[in-house]
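Engineer: model the following, please.
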Amino acid sequence: MTSFILASGSPRRRELLGQLGLSFEVEAAELDESVHPAELPKAYVERLAREKAMAVHARRPGSIVLAADTSVVVDDVILGKPGADAREGAAMLRSLSGRTHQVMTGVAVAAAQVHSVVITSDVIFRALSEAEIAWYVATGEGADKAGGYGLQGKAAAFISAVVGSSTSIIGLPLAESLELLRDAGVRLPWEPA
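Structural biologist: Residues are numbered from 1 along each chain as shown. Predicted coordinates for the structure are as follows:
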C-alpha cells in the first residue's frame, strides 16, 4: 500500500485528519516561507503548499503527500505568526477588530503529479476592547497561529460570523483535501477495502 504522509508539523492538521480515522505518517517540510516580492496572498499559500508537498515527496518517492499553508489576510496584507512578541500579537488583533478578513489555505497533494487548490473563507470579528486584546495575547494561545488567533480556542469569543470552511480556517479544508487525496489514490474511511 502506498504510504500517505502529512507534510506538516501542525497539531491541528493532524487532529483534523486523525478524527476521520485516516492512517498517515507525519513528516514536516522545512523550507523558506518568505513572501516573494509582489506575491499575492492566494499565490503565496498555494506556492508554499505545493513546495512543501514536493519537498517531502522528493524525499519519499512513491508516497502520497498532503501539505497545506494557511494565511490570515487583511487589506491584502498577510499576517504571519506573532510568536512571543506580545506587541505584534496585539497589533494583529487590533487590525482585525470590528472587521471582516480572509483566511486562505492552500492545499496540495503530490503523488504522480501535484494538484492544489486554495480555499478562502471570511471571518468577521466583533469590535474588541484593549482589555480583551491584552487578555488574549497574555494567554499565549495565538502566538503560533497565523493572524495571532485560533478559531478553535479562546478567540472564538471574538468571532461573530464565519463564511466558508471552518476547517480551512483551522488549517486544513477537509472536504477539498479529501477530494485531492481520493483522486491521488488514498482510500477514504467510508470506502470499501
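
Engineer: sketch out the low-pLDDT regions of this protein for me.
Structural biologist: The chain contains residues with pLDDT under 70 at 1-2.

Engineer: name the single longest helix found in it.
Structural biologist: For the chain, the helix reaching the highest residue count under DSSP state H is reported as helix 41-59.

Engineer: from Asp85, how far off is Asp144?
Structural biologist: According to C-beta to C-beta, to the nearest Å, Asp144 and Asp85 sit 12 Å apart. Backbone N, C-alpha and C define where each C-beta goes, glycine included.

Engineer: thinking again about what came up before, residues of the longest helix of the chain that come out buried?
Structural biologist: Under the neighbour-count criterion of 16 or more other C-beta atoms under 10 Å, helix 41-59 has 41-42, 44-57 buried.

Engineer: and these, which is closest to Asp183?
Structural biologist: Sorting the buried residues of helix 41-59 by how near they are to Asp183, with C-beta to C-beta, puts Ala53 at the top with 13.8 Å.

Engineer: the closest one reaches Val65, doesn't it?
Structural biologist: Yes - applying C-beta atoms under 8 Å as the test, Ala53 and Val65 come out as touching, 4.7 Å apart.

Engineer: tell me, what's touching these two both at once?
Structural biologist: Contact criterion C-beta atoms under 8 Å, 6 or more residues apart in numbering; residues shared by Ala53 and Val65: 7, 109-110.

Engineer: centre of the chain to the helix or strand following the longest helix of the chain, how far?
Structural biologist: Remark: after helix 41-59, the chain's next helix or strand is strand 64-74, criterion DSSP states H and E. The chain centre lies 4 Å from the centre of strand 64-74; the measure is C-alpha atoms, centre = their mean, to the nearest Å.
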